[in-house]
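>>> here you go, sequence then predicted model.
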Amino acid sequence: MKIGLTICAIAIGFALPAKAQDFRPVTDQSEFLALIGERNLTNRLYNLNLAVAPTGQIQGSAMGWAVTGSWSWQNGYFCREMAWGGDPIPYNCQLVEVAGNQMRFTTDQGAGDSASFRLR
């Protein structure tokens, strides 16, 4: 079960239903930070709650295990490295998209798997 959650966490999220056409790309770090603000990325189904700080830190929890990591913005992508419950989640740069209070992350600069969070 933890392996499956780790795979999902690679995209920093868990799927939430939303129409693809509702999402628009976020390619600028300042816009990303304005959207995140003081809010966390959440998913109730997995009891997941992450804080993405402007200082480049990621902290939170998923299914009772700690999530830690760091992030940077590179060439229009959110790049991060994380650990979940002590297990490493490899470095990956991701396309970020937003639709209302949902933020979607797609691995491999938009070519991989996608997952979404609610902004709360």
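Yep, that arrived. Numbering: from 1, shown residues only.
>>> what is the least confident helix or strand in the protein?
Of the helices and strands making up the chain, the lowest-confidence element is helix 2-9, at a mean of 43, by mean pLDDT, DSSP states H and E.
>>> next SSE downstream of that one?
Following helix 2-9 in sequence order, the next helix or strand is strand 24-26 (DSSP states H and E).
>>> okay, now the sheet partners of that next one, with direction.
With DSSP bridges as the test, strand 24-26 is paired with strand 87-99 (antiparallel).
>>> average model confidence for the strand it pairs with?
On average, the pLDDT along strand 87-99 is 97.
>>> also stretch 113-120?
On average, stretch 113-120 scores 91.
>>> and the helix or strand where residue 58 lies, what does it pack onto?
According to DSSP H and E, residue 58 maps onto strand 57-62. If you count contacts as 3 or more CB pairs under 8 Å, 6 or more residues apart in numbering; DSSP states H and E, strand 57-62 packs onto strand 48-52, strand 65-74, strand 77-84. All C-beta spots, glycine's among them, are computed from the backbone N, C-alpha and C.
>>> can I get it as PDB, trimmed to CA atoms?
C-alpha atoms of strand 57-62 as PDB (Å, rounded to 0.1, in the frame of the first residue of the first chain):
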ATOM      1  CA  GLN A  57      10.500  23.600   1.800                       C
ATOM      2  CA  ILE A  58       7.700  21.000   1.700                       C
ATOM      3  CA  GLN A  59       6.300  19.600   4.900                       C
ATOM      4  CA  GLY A  60       3.200  17.700   5.800                       C
ATOM      5  CA  SER A  61       1.800  14.200   6.100                       C
ATOM      6  CA  ALA A  62      -0.100  11.500   4.200                       C
END
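>>> relative to it, what are the paired strands and their orientations?
Strand 57-62 has these strand partners (DSSP bridges): strand 48-52 (antiparallel), strand 65-74 (antiparallel).
>>> looking at those, which is nearest to residue 38?
strand 48-52 (9.0 Å; CB to CB).
>>> strand 77-84 and the closest one, what's the angle between them?
130 degrees (axes from the mean of the first three to the mean of the last three CA atoms, to 10 degrees).
>>> that concludes my questions; thank you for your assistance.
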